[in-house]
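Engineer: For reference, the sequence and a predicted model appear below.
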Amino acid sequence: MHASEHSQFEVRRIYDMDAADGSYRVLVDRLWPRGVTKRDAALDEWAKDLAPGSELRRWYGHDPSRFEEFARRYRNELQSERASGAMARLRNIAEDTRVTLMTATRDVEHSGARVLRDILRDGG
């Protein structure tokens, strides 16, 4: 069974997570989360190349009524060469260990991290 066929990717808020969970921890926000030290974050990687672009992030403003359009635009951004390479690397890591996509966003269900997780899981 290939890793993308089961839940090797999950999304968690960086503020709610125990650093000793054993997963590969990747921050997928463009901005560093307020009030979190690098030591406390205990990240394996900060994947800025996978974060929504600044213009898209500002347009979205975490407004759930804009989520579907945000997700469509973000999926387009993730087709760049840099993002594709970063996603391939995370899929390779997920073959051996669980990958946790970390975000500071309060509404994880309507976040770029969730869109990214779905793409990584579905192979799209």
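Structural biologist: Looks like it came in fine. This one's a predicted model, so the numbers in the text were calculated from it and none came from an experiment.

Engineer: hang on, L56 packs against R73?
Structural biologist: Yes. Counting by Cβ atoms under 8 Å, L56 does reach R73; the two are 5.5 Å apart. (Glycine included, C-beta is placed from N, CA and C.)

Engineer: Tell me which residues are up against the helix or strand that E10 is a member of.
Structural biologist: Per DSSP states H and E, E10 falls inside strand 9-13. Applying Cβ atoms under 8 Å, 6 or more residues apart in numbering, the external contacts of strand 9-13 come out as 23, 90, 94, 98-106, 108, 111, 113-114, 117, 120-121.

Engineer: and the next element down the chain from the longest helix along the chain?
Structural biologist: Criterion DSSP state H: the longest helix present in the chain is helix 81-94. Once helix 81-94 ends, the next helix or strand along the chain (criterion: DSSP H and E) is strand 99-103.

Engineer: if you average pLDDT over that next one, what comes out?
Structural biologist: Computed over strand 99-103, the mean pLDDT rounds to 96.
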